[in-house]
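S.K.: Here is my input; please provide its structure:
(one chain, ligands or ions: 1)
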Amino acid sequence: MGRRKKIVNECERLMDEPENIRNIAIAAHVDHGKTTLTDNLLAGAGMISDETAGQQLAMDTEEDEQERGITIDAANVSMTHEYEDTNHLINLIDTPGHVDFGGDVTRAMRAVDGALVVVDAVEGAMPQTETVLRQALREGVKPALFINKVDRLINELQEGPEEMQKRLLSVISDVNELIRGMTEEEDYDWTVSVEDGTVGFGSALYKWGVSMPSMQRTGIDFGDIMELERSGEEGREELQERTPLSNVVLDMVAEHFPNPVDAQPRRIPTVWRGDADSDLAESMRLVDEDGEVVFMSTDISMDPHAGEIATGRLFSGTIEKGQNLYVSGTAGTNRVQSVGIFMGGEREEVDRVPAGNIAAVTGLKDAIAGSTVSSVEMTPFESIEHISEPVITKS
Ligand code: GDP
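M.R.: Take a look at the predicted model:
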């Protein structure tokens with residue numbers, strides 16, 4: 001069996017184990033390293049070749065854009081990752097980096113249960129860090145923090161261990177201050193901490209990363225990192241080999257982000273305003289694959305062969321070819337032509353996709369980004385709102 005076929009089979013198997021699925025977003029202020037990190041995760045998970053990571057996503061997108069003559073505004077990618085002897089299916093929904101895309105970011109957040117917030121170690125939390133955190137928390141999405149570009153502290157700023165520690169701690173405390181300011185006291189404590197393992201550090205560019213659990217496992221501490229970073233290419237290669245970024249980040253995702261079964265009972269009342277006592281609400285809370293189909297599209301892209309592809313979160317039911325589904329805000333139904341899931345960055349058609357997954361559906365010609373698509377007429381997910389309050393800049 002070819003390598004790709006194996007991955008396809010494994011993703012199809014995992015799709016039926018909602019406890020082992022993580023639907024997540026990576027969100028960041030522009031240039032803090034979201035794209036570099038995403039490429040790196042895909043390469044680390046074996047979804048794209050190591051040599052081309054760093055250019056692969058960008059290139060694919062450009063080629064696609066040229067071929068299709070359209071703008072692709074969100075890359076949805078999936079990968080598998082083994083954590084504590086169990087394989088996980090990790091679905092990543094892209095969030096547009098620019099603050100003007102507030103509506104799109106909210107929509108993407110509604111479809112995920114965890115958000116990895118990437119912050120540049122040198123710049124610290126910036127206005128869009130605040131915006132994406134606000135959008136995540138508002139949708140009931142659990143945050144974790146990755147402090148990127150730590151190599152710059154070592155090589156460009158030539159910081160010593162104390163200075164570096166002070167800076168990293170101040171980034172964490174700024175982020176926690178934002179989180180505290182955005183959550184009500186009775187909410188969960190979703191502040192991040194090094195001790196809990198909800199904070200990672202590293203360099204997406206040089207492909208190494210650490211967290212408290214990883215340091216305990218590998219024995220590599222900040223002293224080793226400083227020494228190896230400073231010793232040039234060989235040192236960096238050693239770091240990359242001994243404490244690869246993708247392992248550290250994907251372990252954090254598997255360990256700390258909720259799976260759909262844990263997340264949906266808590267999140268449905270936040271993201272959906274319909275009747276909480278209805279069977280529909282119950283089947284969404286339970287991630288019931290035998291319930292009515294409830295799908296929220298986050299993104300529509302165009303494929304030259306398949307036509308419009310609606311990508312989004314399936315909260316309940318099972319999507320299959322041939323179903324007639326209602327699309328919110330339109331009359332009548334659309335017929336599902338095909339359904340797929342993502343493998344790396346590519347869509348792979350499958351026979352059926354059950355609740356808890358990110359699905360790619362063709363045939364929903366009336367759907368737009370944000371549409372609620374369902375097997376019964378229902379209250380749609382909240383109307384799509386743009387974040388209009390001014391972004392508070394740090395002084
Ligand atoms: P995005 O806008 O958040 O997607 O950021 P990109 O991933 O495109 O990165 C922005 C720039 O920062 C690029 O030039 C990257 O090569 C660079 N970059 C990303 N991660 C790191 C890192 O860990 N260290 C350093 N030194 N540069 C990085």
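
S.K.: ok, residues contacting the longest helix belonging to the chain?
M.R.: Taking residue count as the measure and DSSP state H as the definition, the longest helix of the chain comes out as helix 161-182. Contacts to helix 161-182, defined as Cβ atoms under 8 Å, 6 or more residues apart in numbering, come from residues 117, 119, 121, 124-125, 129-130, 133-134, 137-138, 143, 145, 147, 150, 153-154, 159, 190-194, 199, 201, 222-223, 226, 394. Just so you know, the C-beta spots here come from the backbone N, C-alpha and C atoms, and that holds for glycine as well.

S.K.: Next: stretch 208-227.
M.R.: Contact with stretch 208-227 is made by 146, 150, 154, 161, 164-165, 194-197, 199-203, 235-236, 239-240, 242-249, 251-252, 255, as judged by Cβ under 8 Å, 6+ apart.

S.K.: Next, count neighbours for the closest residue to residue 21 other than its chain neighbours.
M.R.: Counting by Cβ to Cβ, 6 or more residues apart in numbering, residue 89 is the residue found nearest to residue 21 once chain neighbours are left out, at 4.9 Å. For residue 89, the tally of surrounding residues (other Cβ atoms under 10 Å) stands at 28.

S.K.: Only the buried residues of stretch 216-235, if you could.
M.R.: 220, 222, 224, 225, 226, 228, 229, 235 (16 or more other Cβ atoms under 10 Å).

S.K.: right, and the pair among those with maximum separation?
M.R.: In the buried residues of stretch 216-235, the most distant members under the criterion Cβ to Cβ are 222 and 235, with 14.1 Å between them.

S.K.: For residue 363, the count of nearby residues, please.
M.R.: A count of neighbours around residue 363, defined by other Cβ under 10 Å, yields 21.

S.K.: er, residue 290 actually
M.R.: Taking other Cβ under 10 Å as the neighbour definition, residue 290 ends up with a count of 11.

S.K.: my guess is residue 299 contacts residue 369, does it?
M.R.: Yes: with contact defined as Cβ atoms under 8 Å, residue 299 and residue 369 form a contacting pair (5.3 Å).

S.K.: what about those two, which has more around it?
M.R.: For residue 299 versus residue 369, the count of surrounding residues by other Cβ under 10 Å is larger for residue 299: 24 against 20.

S.K.: So what does the closest residue to the ligand within the stretch 51-200 of the chain look like in phi/psi?
M.R.: Taking Cβ to the nearest ligand atom as the measure, the stretch 51-200 of the chain has residue 149 as its residue closest to the ligand, at 3.8 Å. Its backbone dihedrals place residue 149 at phi 60, psi 30, with angles given as degrees, to the nearest 10.

S.K.: Tell me how many other residues crowd it.
M.R.: Residues lying near residue 149 (other Cβ under 10 Å) number 23.

S.K.: Just to check, it is in contact with residue 205?
M.R.: Yes: at 7.3 Å, residue 149 counts as touching residue 205 under the criterion of Cβ under 8 Å.

S.K.: shared neighbours of these two, which are they?
M.R.: residue 33.

S.K.: need the helices for the stretch 151-300 of the chain, in chain order.
M.R.: According to DSSP state H, counting those that start in this stretch, the stretch 151-300 of the chain carries its helices in the segments 161-182, 212-218, 222-230, 232-242, 245-256, 260-271, 279-285.

S.K.: Span of stretch 349-369 from start to end?
M.R.: When the termini of stretch 349-369 are compared using Cα to Cα, to the nearest Å, they are 21 Å apart.

S.K.: so what's residue 207 up against?
M.R.: Under the contact definition (Cβ under 8 Å, 6+ apart), the residues listed for residue 207 are 40, 44, 53, 240, 244, 245, 246.

S.K.: buried sites along stretch 124-138?
M.R.: Of the residues in stretch 124-138, 124-126, 128-138 count as buried by neighbour count, 16+ other Cβ under 10 Å.

S.K.: can you give me how far that stretch is from the chain middle?
M.R.: Taking Cα atoms, centre = their mean, to the nearest Å, one finds the center of stretch 124-138 at 15 Å from the center of the full chain.

S.K.: I'd like to know the average pLDDT value across it.
M.R.: On average, the pLDDT along stretch 124-138 is 93.

S.K.: is the ligand contacted by it?
M.R.: No: Stretch 124-138 lies out of reach of the ligand by Cβ under 6 Å from any ligand atom, never closer than 9.5 Å.

S.K.: Only C-alpha atoms, please: export that stretch in PDB.
M.R.: In PDB, the C-alpha atoms belonging to stretch 124-138 read as follows (Å, rounded to 0.1, in the frame of the first residue of the first chain):
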ATOM      1  CA  GLY A 124       5.200  40.400  22.100                       C
ATOM      2  CA  ALA A 125       1.300  40.500  22.200                       C
ATOM      3  CA  MET A 126       0.100  42.900  19.500                       C
ATOM      4  CA  PRO A 127      -3.300  44.300  18.600                       C
ATOM      5  CA  GLN A 128      -4.300  41.300  16.400                       C
ATOM      6  CA  THR A 129      -3.200  39.000  19.200                       C
ATOM      7  CA  GLU A 130      -5.800  40.600  21.300                       C
ATOM      8  CA  THR A 131      -8.400  40.500  18.500                       C
ATOM      9  CA  VAL A 132      -8.000  36.800  17.800                       C
ATOM     10  CA  LEU A 133      -8.000  35.900  21.500                       C
ATOM     11  CA  ARG A 134     -11.200  37.900  22.000                       C
ATOM     12  CA  GLN A 135     -12.800  36.000  19.000                       C
ATOM     13  CA  ALA A 136     -11.600  32.700  20.400                       C
ATOM     14  CA  LEU A 137     -12.900  33.200  23.900                       C
ATOM     15  CA  ARG A 138     -16.200  34.700  22.700                       C
END
